[in-house]
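S.K.: sequence-free structure coming up:
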């Protein structure tokens, strides 16, 4: 299985430029983002293949004289993979590769916005020698995913998407259908309201470009995108001014244009959601600054800086999933940590400081799954930064990490009494 996944990685690598273009066309990912998406898919195939080989060897157990103990892992059964459109290659491939590496069959239901990218992944696996019937591609809308979740033949559900859908999957998966002889396991990654803390000693020359990429890259359509800047009041005004100026340098345009920083949103409803959120924040007393200019044709939203929103308003609590960043002054890092702790989400977080003691304090307090210090909050790398959230951001599993495959297997312990009374011939 590991060799097959490695061959599939080679298939994707051989079509790298063609498939990156497909993600540009189908999901409006800018070229650099589309290429990174495909490269991550390749990494997942190779990494999970190697991890499966290690898992097959089992884990060591304590041994006593006259006794042999062994820990083995077996496939659970059919895995329903329900993938999002914003990483049409990486996330769909990662969840599917984890299922196949551990010996399961899989049904891949891609987002209705990105079926062609998912089809390319299935093609790569089939060309690599995947046996017929092991992987099914089921394109369609939400009802297809709902049918998979409810089906008694599904053993594991791997989902990445919105919080509302993820919570519904967890609820439905807990129901045991007549004749079902197993409990369904859920591997869930949902959204976030990701906060970046900038202390008074932060290097603003570092903060500004990292925030621009984290908040506005791919029009903020990443679950890990920076959404709130909690900045020490001593530097809040100059940092807000520099961000406002930098906002005007971002190029808003079609994804296939190499100069584009902020592409169109995925669909009209996303554009409407962003505009409603920004208008509401302005009505509630925040000062809104927009980048631009914005093309008239297409689902574009000008990147928005929302300065000084009142605490507890929707823009500070609800996921927007668009190019919007709030700027909120705080009196101290401790107060910033308090605001982070108030949120139900805990996916990614950021911290800019020059003080190692501040880093240690924030690490001890943060509830998030991934904390990025003095860098952007996006761009987790397979095997280097295992990725996944806590609280209502997910089930705590870490994609691209050494424990991820354990979600797709059942453990078996065999204990043998080796003090035999003769041998049977």
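M.R.: Happy to help now that I have it. Just so we're clear, the structure is a prediction, and the values are computed from it rather than from any experiment.

S.K.: And for residue 21, nearest residue in space, chain neighbours not counted?
M.R.: The shortest distance from residue 21 to any residue other than its chain neighbours is 7.4 Å, reached at residue 34 (CB to CB, 6 or more residues apart in numbering). The C-beta positions use only the backbone N, C-alpha and C, and glycine is treated the same way.

S.K.: can you tell me which residues contact that neighbour?
M.R.: Residues near residue 34 by CB atoms under 8 Å, 6 or more residues apart in numbering: 20-21, 23-24, 27, 255.

S.K.: Please spell out the ChimeraX selection for the buried subset of these.
M.R.: For selection in ChimeraX, the members of the contacts of residue 34 meeting the burial criterion (16 or more other CB atoms under 10 Å) are listed in this command:
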select :20,23,24,27,255
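
S.K.: got the contacts of residue 34 as a markdown table, with distance to residue 393 and pLDDT columns?
M.R.: Below are these laid out as a markdown table (distance: CB to CB, whole Å; pLDDT from 0 to 100):
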| residue | distance to residue 393 | pLDDT |
| --- | --- | --- |
| 20 | 28 | 98 |
| 21 | 32 | 98 |
| 23 | 24 | 98 |
| 24 | 28 | 98 |
| 27 | 22 | 98 |
| 255 | 27 | 98 |
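
S.K.: For this structure, which segments count as helices?
M.R.: Using DSSP state H, the helices of the chain run over 2-14, 16-27, 31-56, 90-101, 115-127, 142-150, 163-173, 204-216, 233-247, 268-283, 314-317, 333-342, 356-365.

S.K.: helices or strands up against the second one?
M.R.: Judged by 3 or more CB pairs under 8 Å, 6 or more residues apart in numbering; DSSP states H and E, helix 16-27 is in contact with helix 31-56, helix 115-127.

S.K.: closest to residue 155 out of those helices?
M.R.: The minimum distance between residue 155 and the helices and strands packed on helix 16-27 falls on helix 31-56, with 17.2 Å, by CB to CB.

S.K.: what angle do the closest one and helix 90-101 make?
M.R.: Between the axis of helix 31-56 and that of helix 90-101 there is an angle of 20 degrees, by axes from the mean of the first three to the mean of the last three CA atoms, to 10 degrees.

S.K.: Please read off the pLDDT at residue 424 from the model.
M.R.: In this prediction, residue 424 carries a pLDDT score of 67.

S.K.: Kindly report the same for residue 396.
M.R.: The pLDDT attached to residue 396 in the predicted structure is 89.

S.K.: residues contacting it?
M.R.: Taking CB under 8 Å, 6+ apart as the criterion, residue 396 is in contact with 369, 388-390.

S.K.: again with residue 138
M.R.: Applying CB under 8 Å, 6+ apart to residue 138 gives the contacts 107-109, 144, 148.

S.K.: one step back: could you dump the helices and strands packed on helix 16-27 into JSON lines with mean pLDDT and distance to residue 250 added?
M.R.: Conversion of the helices and strands packed on helix 16-27 to JSON lines gives the following (pLDDT from 0 to 100; distance: least, CB to CB, whole Å):
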{"stretch": "helix 31-56", "mean pLDDT": "98", "distance to residue 250": "14"}
{"stretch": "helix 115-127", "mean pLDDT": "98", "distance to residue 250": "26"}
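
S.K.: Specify the stretch among the ones you listed that is closest to residue 263.
M.R.: Evaluated over the helices and strands packed on helix 16-27, closeness to residue 263 peaks at helix 31-56, with 8.4 Å, by CB to CB.

S.K.: All good on my end, thank you.
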